[in-house]
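Asks: Sequence plus the predicted model coming up.
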Amino acid sequence: MSEALDIAQWAKHWETMARQAQSSLGSNAGQFSWPGSQPPSNPWAEAMNKAKPFVGGSQQSQAVEHMMAGAQGYLGMLQSLAGVASGQGMGGMQNPFASGFFPGMASPSTMNNPFASAMRDFGGQGARGFEQWMEQFTAAAGPMLDQAQQSLHAPAFGHMREKQENLQKTAQVFIDYQKQSARYDRLMLKVGEQSFARFQLKLAEREEPGRQINSARGLYDLWIDAAEEAYAEIALSEEFREIYAAVVDAQMRVRQQVQAEIERTCNQLGMPTRSEVNSIGERLQALRREFREERSQSDDQEELRAEVAELKRELAALKTTPKKVSKPAKTKPAAKSEKKAAAEEAAPKKVSTKKAVKAAKATNSVSKVDPANKPVADKSSKKSAREATSGHRGKRRKASASKASVTKQTGAASSGDFASKMARFARKSKSSANRGSTRAPSKTAKRGGSK
Amino acid sequence: MGPLNIEPFQLFEEARKFQKKMTAGMQVLGTLDEVEFGCTEKEEVYREDKLVVYRYKGENTPVSKTPTLIVYALVNRPYMVDLQEDKSLVRNLLAQGEDVYLIDWGYPDLADRWLTLDDYINGYIRRSVDAVAKNAGVKKINVLGICQGGAFSLCFSAIYPHKVKNLITMVTPVDFHTPDNMLSNWTRKMDADLFVDTIGNVPADLMNWCYLMLKPMRLLQQKYVGMVEILDNKAELENFLRMEKWIFDSPDQAGEAFRQFMRDFYQGNKLIKGGLILGKHEVDLKNITMPVLNIFAEQDHLVPPDASRAMQGVIGSKDYTQIAFKGGHIGIYVSGRAQREVPPAIHDWLHARA
């Protein structure tokens, strides 16, 4: 059996199979919009295209569209390889890239370069309709572009002056965008060329026995590697940075100009515009921000109040704790202090930090917590209260039994802890006052002074 | 000897198999329902505008007393961290005993066009952190920032160090001007003001297209040729489609926040150079004095490893640990290796600093 005959048989099987697939899955010949690649002009890929079924959810449909597009490119390559194989035998397959069966590889032009048209789709993907504008503009102005360009610099006058200037500006931004797009396309052609050169190098590396490519998929993957490497090199260059920015900026100018034209028309018709919506949105956001800030300050004050109350309780407890634990009379000032704390809760701004710190320094004794004075704050404050009181109390009892000096040390540690709390409170009060100062500078300055 | 060693028979056989797979696969595709995502039970603990903070519920009560809040990027949906049962950072952290919360930013629309980074960081994140701390009954919490959310977490931790016990960043850019940062190269000379003034909120499709264009041949073509290989495997296909859904399920970007992120981070590189102002606060990374764990991916094409490594030395913390993960920007959450390595590493690190 000759090689040519076998290939013909395989090809026949293939066509039969493709027909079966087509008939079993329906003949929904949807057209793909694959960026950068022309619709395949080979029956293998076309058969696959026709075989595209209608499948369930939107994710599946999208994935299938992508897959079909990828498969088309891949099958196109396979068919080209098969053509080389059947026409020229293995000799032709030694140099497959000369035949050019990869998208964007052969006869690179701005029309079939995948990278270039991907950039064109950039607009279409982000905000649909942009390409249609460009097409309309090109159709209208294209044939007389040179003539149009000259007239763009002509001075405008008369009662249509404004309108004429706007039209001139619109035409100019369209022309600029076309120029920048062309620059981008040229750069992407370079990617195509360099991909090809890189692919040749990669193939040359595979000539050694044992490193040869032994599957169509292997060859395809090698091409992708080469194309990606070439693309990355250019996409990371200074040249790309400059051209990319120029083309995006140019596109934005076109959009802005068209938006302005639409706004003018809408204004004349008494319709709401994007600018007006933006203006309302900006004000609304400013109000939201202010409202949140107010609420946040109010939350901070609540927190501050709770902390003041806690500190007052501790302070009161410290004061009431008898040096000799047995004195019950000491509990009275605690109640008094509690009342005072409650009063100060209502007006926390009046709390003098200096006084508090002074009080903390002065207080060198260990507290005994009245259960009634336990804060109603969250778990952590309860825990910290426990740590700050009973732990030290326990230590103190043990220590006082043996050495007075140790008692003093423990007391110092306790007051140090308290002092640090007071200092933290002072910082907090200060920051709260400072924040308030943005709205009422004179009053808060006073408050700050009182601290 | 040439580079190719492909027999014609072999070539046709390959084509036949490919065709067969596609034919069979189409039938499987027709039987699939919309894929679902998110496998871990969660409860809402805080809500503001479109933002929701969730607390995840594990099978056991958390052992860790300090909750961990995940701050995800704005540019994708956060369910990537809890994609499916066998691909879930959240689930694995819960299994380790962590108490996990997450900020879901929602989908910004025109009403959010004027949200600034100040609103996001000093507003939303701060209030979310406070809500989590209150819910857990603690003063400080752990923050786990991912990608852009990691950059936000760095800003937050620098402004409010007293609210953060431990900071973990994953695939987080710090130096936006490393030479291998393609996104940065593309945006460096763009007119950010013209861009945002013109299009307002940045459409999700546009963002997706930019990401695809980072590796156009691989992401737009090769990936789908590879998909044919798994077409006849329902489970694999569902996994593939779940990832597809996540990749293209992107929110629009609030215009003002995008403008500032582009101008101050990508163009000005102010996070590392200094001079980044968020509302009334200047971000100084030296204020980050809490322990920091920085995890990055060695094959990350979106956030190059060097962009993350730059954190070392610029923050104020003396307790800095970095882990280089062998994988990519997405693989760090969904790969099998990630499930085995990342959550235990985070848990061990936190446990040592509990």
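Replies: Thanks, I have it. Numbering: from 1, shown residues only, chains lettered A, B, ... in the order given.
Asks: list the helices and strands the helix or strand of chain B with the lowest mean pLDDT packs on?
Replies: The weakest-scoring helix or strand in chain B, judged by mean pLDDT, DSSP states H and E, is helix B:8-31 (a mean of 82). Contacts defined by 3 or more Cβ pairs under 8 Å, 6 or more residues apart in numbering or on different chains; DSSP states H and E place helix B:8-31 against helix A:3-25, helix A:43-50, helix A:58-93, helix A:216-235, helix B:223-229, helix B:234-248. Any C-beta I mention is one placed from the backbone N, CA and C, and that applies to glycine too.
Asks: what mean pLDDT does the longest one have?
Replies: Which is helix A:58-93. Mean pLDDT, helix A:58-93: 64.
Asks: Following element in sequence after the least confident helix or strand of chain B, please.
Replies: strand B:42-48 (DSSP states H and E).
Asks: Just checking: what are the partner strands of that next one?
Replies: Strands that pair with strand B:42-48, judged by DSSP bridges, come out as strand B:51-56 (antiparallel).
Asks: What is the next helix or strand after the strand it pairs with packed up against?
Replies: Next in sequence after strand B:51-56, counting helices and strands by DSSP H and E, comes strand B:68-71. Under the contact definition 3+ Cβ pairs under 8 Å, 6+ apart, strand B:68-71 sits against strand B:100-104, helix B:126-136, strand B:141-146, helix B:148-159.
Asks: who's in contact with strand B:68-71?
Replies: Contacts to strand B:68-71, defined as Cβ atoms under 8 Å, 6 or more residues apart in numbering or on different chains, come from residues B:53, B:78, B:81, B:90, B:93, B:98-103, B:125, B:128-129, B:132, B:141-146, B:149-150, B:152-153, B:156, B:168, B:350.
Asks: any weak-confidence spans in chain A?
Replies: Residues of chain A meeting the criterion pLDDT under 70: A:1-63, A:79, A:81-150, A:152, A:322-451.
Asks: which element is residue A:159 on?
Replies: Using DSSP H and E, residue A:159 sits in no helix or strand.
Asks: Could you do the one 10 residues further on as well?
Replies: Of the helices and strands defined by DSSP H and E, residue A:169 is found in helix A:161-205.
Asks: Does chain B have contacts with that helix?
Replies: Yes. Contact between helix A:161-205 and chain B is present through A:203, A:204, A:205 (criterion: Cβ under 8 Å from any Cβ of the partner chain).
Asks: you'd agree residue B:198 is up against residue A:254?
Replies: No. Using Cβ atoms under 8 Å, residue B:198 makes no contact with residue A:254, being 9.2 Å away.
Asks: which one of these two has more residues nearby?
Replies: Each of residue B:198 and residue A:254 has its neighbours counted (other Cβ atoms under 10 Å in any protein chain shown); residue A:254 has more, 24 against 20.
Asks: Just want the phi and psi numbers for the more buried one.
Replies: With angles defined as degrees, to the nearest 10, residue A:254 sits at phi -60, psi -50.
Asks: Correct me if wrong: it contacts residue A:173.
Replies: Yes. Judged on Cβ under 8 Å, residue A:254 makes contact with residue A:173 at a distance of 4.8 Å.
Asks: Run through who's touching stretch B:113-126.
Replies: So stretch B:113-126 is in contact with A:278, A:281-282, A:284-286, A:289, A:292, A:296, B:48-49, B:51, B:71, B:74, B:103, B:105, B:108, B:152-153, B:155-156, B:159-160, B:163, B:200-201, B:254-257, B:260-261, B:264, B:278-281, going by Cβ under 8 Å, 6+ apart.
Asks: Could you report the separation of residue A:259 from residue A:266?
Replies: 10 Å (Cβ to Cβ, to the nearest Å).
Asks: again with residue B:348
Replies: 61 Å.
Asks: Let's verify residue B:184: helix, strand, or coil?
Replies: Judged by DSSP: H, G, I helix; E, B strand; the rest coil, the three-state class of residue B:184 is helix.
Asks: check contacts around it.
Replies: Contacts of residue B:184 (Cβ under 8 Å, 6+ apart): B:176, B:177, B:178, B:266.
Asks: what does residue A:67 give?
Replies: B:224, B:225, B:227, B:228.
Asks: what do you get if the cut-off is 10 Å, keeping everything else the same?
Replies: Residue A:67 is in contact with A:48, A:52, A:60, B:22, B:25-26, B:29, B:221, B:223-228, B:231, B:240, counting by Cβ atoms under 10 Å, 6 or more residues apart in numbering or on different chains.
Asks: Kindly provide the distance from the closest residue to residue B:287 other than its chain neighbours to residue A:228.
Replies: In space, and not counting its chain neighbours, residue B:287 is closest to residue B:158: 4.4 Å by Cβ to Cβ, 6 or more residues apart in numbering or on different chains. Residue B:158 is 37 Å from residue A:228, where distance means Cβ to Cβ.
Asks: neighbour-wise, which of the two wins?
Replies: Here residue B:158 and residue A:228 are set side by side on neighbour count (other Cβ under 10 Å), and the busier one is residue B:158, at 25 against 21.
Asks: Surely that one and residue B:272 touch.
Replies: No. The pair residue B:158 and residue B:272 does not pass the contact test of Cβ atoms under 10 Å, sitting 11.8 Å apart.
Asks: Spell out which residues are contacts of both of the two.
Replies: With Cβ under 10 Å, 6+ apart as the test, residue B:158 and residue B:272 both reach residue B:285.
Asks: circling back: and the contacts of residue A:67, which is closest to residue B:67?
Replies: Within the contacts of residue A:67, the smallest distance to residue B:67 is 33.8 Å, found for residue B:240 (Cβ to Cβ).
Asks: Residue A:209 reaches residue B:5, doesn't it?
Replies: Yes. Contact between residue A:209 and residue B:5 holds when scored by Cβ under 10 Å: they sit 8.9 Å apart.
Asks: low-scoring stretches of chain B, by residue?
Replies: By pLDDT under 70, the weakly predicted segments of chain B are B:1.
Asks: neighbours around residue A:300, how many?
Replies: Residue A:300: 16 neighbours (other Cβ under 10 Å).
Asks: Please tell me how far the nearest residue to residue B:299 once chain neighbours are set aside sits from residue B:304.
Replies: Excluding its sequence neighbours, the residue lying closest to residue B:299 (Cβ to Cβ, 6+ apart) is residue B:328, at 4.6 Å. Separation of residue B:328 from residue B:304 (Cβ to Cβ): 11 Å.
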